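Q: Sequence below, structure please.
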Amino acid sequence: MGCLTSILRAGAGLVLGVVIFVGFLFFLILNNFSDKLLSADFYKNTIAAENTYERIYSEVLVDDELKDRTQELLGDIKVVEHQEIVDLL
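A: As a prediction, this is how the structure comes out:
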């Protein structure tokens with residue numbers, strides 16, 4: 001009887017340990033999701049830190065490989081390159 005009790009106690013401890021671990025992991029993921037991914041400031045700070053707005057105009061829209069796609073998206077709008085602005089000055 002004593003051997004059976006110790007086996008059940010060990011099994012219950014293992015199951016409870018796994019449940020607590022999974023619950024804590026779920027809590028951490030949910031907390032991270034709600035604090036960062038649902039916050040508009042997270043995205044604003046990321047875009048500002050990576051200088052995304054400037055990169056779109058200086059690298060992406062004037063890329064030679066994407067010229068056709070850029071013209072398709074922008075229509076007849078001409079994107080002025082940095083060097084063209086410098087030449088005007």
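
Q: Can you show me the strands along this protein?
A: With strands called from DSSP state E, the chain shows none.

Q: domain assignment for it?
A: 1-38, 51-89 (automatic domain parsing).

Q: closest to residue 44 out of those domains?
A: Among those, domain 51-89 comes nearest to residue 44, with 10.4 Å by C-beta to C-beta. All C-beta atoms are positioned from the backbone trio N, CA, C, and that covers glycine.

Q: Can you give me the buried ones in that closest one?
A: Neighbour-count burial for domain 51-89, counted by 16 or more other C-beta atoms under 10 Å, picks out 61-62.

Q: Out of the domains of the chain, the one nearest residue 45 is which?
A: domain 1-38 (10.1 Å).

Q: Residues in contact with stretch 65-83: which ones?
A: Stretch 65-83 has contacts (C-beta atoms under 8 Å, 6 or more residues apart in numbering) with 57-58, 60-63.

Q: can you redo those as JSON lines with distance to residue 75 and pLDDT?
A: Below are the contacts of stretch 65-83 laid out as JSON lines (distance: C-beta to C-beta, whole Å; pLDDT from 0 to 100):
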{"residue": "57", "distance to residue 75": "17", "pLDDT": "75"}
{"residue": "58", "distance to residue 75": "21", "pLDDT": "76"}
{"residue": "60", "distance to residue 75": "17", "pLDDT": "73"}
{"residue": "61", "distance to residue 75": "13", "pLDDT": "72"}
{"residue": "62", "distance to residue 75": "16", "pLDDT": "74"}
{"residue": "63", "distance to residue 75": "18", "pLDDT": "76"}
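
Q: Just these: which are in helices?
A: Among the contacts of stretch 65-83, DSSP state H puts none in helices.

Q: now the residues you listed in a markdown table, with distance to residue 85?
A: Converted to a markdown table, the contacts of stretch 65-83 look like this (distance: C-beta to C-beta, whole Å):
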| residue | distance to residue 85 |
| --- | --- |
| 57 | 11 |
| 58 | 11 |
| 60 | 17 |
| 61 | 14 |
| 62 | 12 |
| 63 | 18 |
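
Q: where along this protein do the helices fall?
A: Going by DSSP H, the chain shows helices at 2-32, 40-49, 52-55, 67-74, 82-88.
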